[in-house]
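S.K.: build me a model:
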Amino acid sequence: MTELVIVESPGKIKKISHILGSNYKVMASIGHIREIANEGPDQLGFTPPDFKPHYVNDPEKNQVIGNLIVAAKQASDVFLASDPDREGEAIAWHVAEALKLKNPKRITFNGITEGLVKEAIENPRQIDMNLVHAQETRSVLDKLFGFKVTAALRDKIGYLTAGRVQTVAVHLVVDREKEITTFKPVEHYTVDLDLGGWNATLDIHTVTDAEYLTDKTLAEHIVQNVKSTTVTAFDDKDKPRLPEPPFTTSSLQIVASAKLGFSPKKTMDLAQKLYEQGTITYHRTDAPHFVAEGLEEIHAFLTANGLPITATPRKWKSKEGAQEGHEAIRPTHIADEVNGETPDQKALYSLIRKRSIMSEMADAIYAVRTIALEATFEDKKLNFKASGRVLKTPGWLAFDDQSSDDNNEDEPNVKIPDQTVGTTIPVVKANVVTKTTKPKTRFTDATLVREMEKRGIGRPSTYASIIEKIHQYKYVTEIKKYLKPTETGETLIGATTGTFAFCDYDYTKRLEENLDDVAAGKREFKDVVGNEYETLEQNLQAFNNAKTTVLNPCPNCGRPMIRRKGKDGGFYWMCSGYSDGCKTSLPDDHGKMGTRKAPELTEFTCQKCGKPLIHRTGKSKKSGKNYDFFACSGFPDCNESYDNDNGKPKYEKEKSK
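M.R.: Below is the predicted model:
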């Protein structure tokens, strides 16, 4: 009998099949095969106090499940080889449950190489139920927040969709926009001295205690009167410049955006393909470190190519709360200069490879010279400072010439001549330098990922999908790649922050820590979900009692209008008070509430209420038959109608039905 290996993605089948040979059959679950049922109160699929979710097979995966069941019955062993993270662990468990496997073997590998895959096959383990429970906690909470808060928002405000993490991402964009709009620029000055091919800058704190020198007249007066300076201190030292650490998920998305113009989603899609091809290690990771095998291969490559190596393997600092179950992203074979099937895949692979190689190369060393100078101005002594650097040893810069062009404002790439303390240096030219404080810049998709990571919001596997969702729901708009909140996004945040605890940055970070505790077996699924459920119920009660502004009010009753998808696939808007008798509906205008063209009134009037009649013609969508009649413009209060009698209403007791 053959042995069955079940992976997540069909893209891995060919590579793993080639590695394992004909005794193994490799098949894919194509992601999750079960989901939480939409049943019970609020269609959540779970209820307090135990919150145990009821799972059902994904109806779109029935054929996949059927094929896996047949293959599993024919196999001597079943290996569950879904991705090496919480989501992958949960998928493995769901496959085992759906296939009713009695003793499945769980295997993981950080890269699809012969060595790693065969090592995993030889060392299977059981499914880690702590990881499964952590993923289950996240799924239950995401559905709880998403369904209940979204329903409350739509009933009271209008067409808004909330999400446990995506709403917080929008909150970041809205807060940044507030900082920008309320920012007041400050014009300030300093003095720059040309000392003959090198410059010295005034230390403004020798003339003011304020943060900035805002007195332009004083700055101009200094320029006019300072004619020479005296060297008071002289210092030479070597200063190392370290390479950047290896890529984590977030840093890969950030750099790929800056250097290649890729969105976070595109970067992750390309990385997924490279991983499936076996050319890079697993691309969802917090850890900026390589495993011993990876370090050995990189060091061997550097030695073989005569490139300078760091004296000892580097230890990079991880961000707080990082899950370091996987190493940093690197090529599985560092000597391969090119990999990938498309130009974009090749570009991303090259970026990963270059970063991996440089991270283990020796420091670049600069010779840095710093000079302190003093000048007399009226009865004061003014301090000036000059600094410059010259590249002494290229180190890792030898592998990336472009990085050596980076400018350093504190130590510009300029050579300062030898000086002696006490030497007087004449001023060739003095200038007033005008500067203006600037607000923070708006986020891009990539810098929003960086901010989320810094604050502990979300996880590597969720960053790209979160960014995609806030674009999809039109909570943000892009202006030359920079994110600006839309009116809808600002309405969402105005309605949720201060009322719902999950919108607070610290709350989101704490919840991520709770999920980590579940994964480590330190907390129970039921306790975490129960606590969040109680908080949410209190928040919902406060929200329902609060005064809010309706986003898209019904023109007839003032209740929120809700965007719906019609049977024909198109969208329209209907009043949320439909069940209470308000039948108002309006067309959709590119995602916004449109206006219905006012019907043309005829000269004829309704015999029942006296209002003008409207001539209706067209074809019924329900029956397919043509219609031609006169209807009262007072509908729905008056539903009188009359047959068309040669262009006039037929006023008879027997009305058309």
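
S.K.: so how far is D588 from D269?
M.R.: From D269 across to D588, the span is 30 Å (Cβ to Cβ, to the nearest Å). In short, each C-beta sits where N, CA and C put it, glycine included.

S.K.: can you check L20 too?
M.R.: Between L20 and D588 the computed distance is 52 Å (Cβ to Cβ).

S.K.: how about L302?
M.R.: For L302, the distance to D588 equals 59 Å [Cβ to Cβ].

S.K.: and the two? Which one has more around it.
M.R.: The residue with more neighbours, out of L302 and D588, is L302; 21 against 16, by other Cβ atoms under 10 Å.

S.K.: next, count neighbours for the closest residue to the more buried one other than its chain neighbours.
M.R.: Distances taken as Cβ to Cβ, 6 or more residues apart in numbering place I309 nearest to L302, at 4.8 Å, with adjacent residues excluded. Number of residues near I309 (other Cβ under 10 Å) recorded here: 17.

S.K.: swap in K583?
M.R.: Neighbours of K583 under the rule other Cβ under 10 Å: 11.

S.K.: can you pull the contacts of it?
M.R.: Listed by Cβ atoms under 8 Å, 6 or more residues apart in numbering, the contact set of K583 reads 575, 636.

S.K.: any idea how far M574 is from it?
M.R.: K583 sits 8 Å away from M574, going by Cβ to Cβ.

S.K.: what sits in contact with each of the two?
M.R.: Shared contacts of K583 and M574, defined by Cβ under 8 Å, 6+ apart, are absent.

S.K.: residue ranges of each domain in this protein, please.
M.R.: Residue ranges for the domains of the chain, per automatic domain parsing: 3-127, 137-179+480-545, 187-242+364-436, 249-359, 561-593, 601-643.

S.K.: which of those domains has the lowest average pLDDT?
M.R.: Ranked by mean pLDDT, those end with domain 561-593 at the bottom, a mean of 85.

S.K.: counting neighbours, which bits of that domain end up buried?
M.R.: Across domain 561-593, burial judged by 16 or more other Cβ atoms under 10 Å covers 561-563, 572-577, 582, 584, 586, 588, 593.

S.K.: now the domains of the chain as TSV including distance to V449?
M.R.: Shown next, in TSV, are the domains of the chain (distance: least, Cβ to Cβ, whole Å):
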stretch	distance to V449
domain 3-127	18
domain 137-179+480-545	9
domain 187-242+364-436	22
domain 249-359	5
domain 561-593	25
domain 601-643	46
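
S.K.: tell me where the stretch 51-200 of the chain has strands.
M.R.: Using DSSP state E, counting those that start in this stretch, the strands of the stretch 51-200 of the chain run over 55-57, 78-80, 105-106, 187-194, 199-202.

S.K.: okay if I get the ones you listed as JSON lines plus distance to T496 and mean neighbour count?
M.R.: Converted to JSON lines, the strands of the stretch 51-200 of the chain look like this (distance: least, Cβ to Cβ, whole Å; neighbours: other Cβ atoms under 10 Å):
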{"stretch": "strand 55-57", "distance to T496": "29", "mean neighbour count": "16"}
{"stretch": "strand 78-80", "distance to T496": "39", "mean neighbour count": "24"}
{"stretch": "strand 105-106", "distance to T496": "39", "mean neighbour count": "20"}
{"stretch": "strand 187-194", "distance to T496": "38", "mean neighbour count": "19"}
{"stretch": "strand 199-202", "distance to T496": "47", "mean neighbour count": "22"}
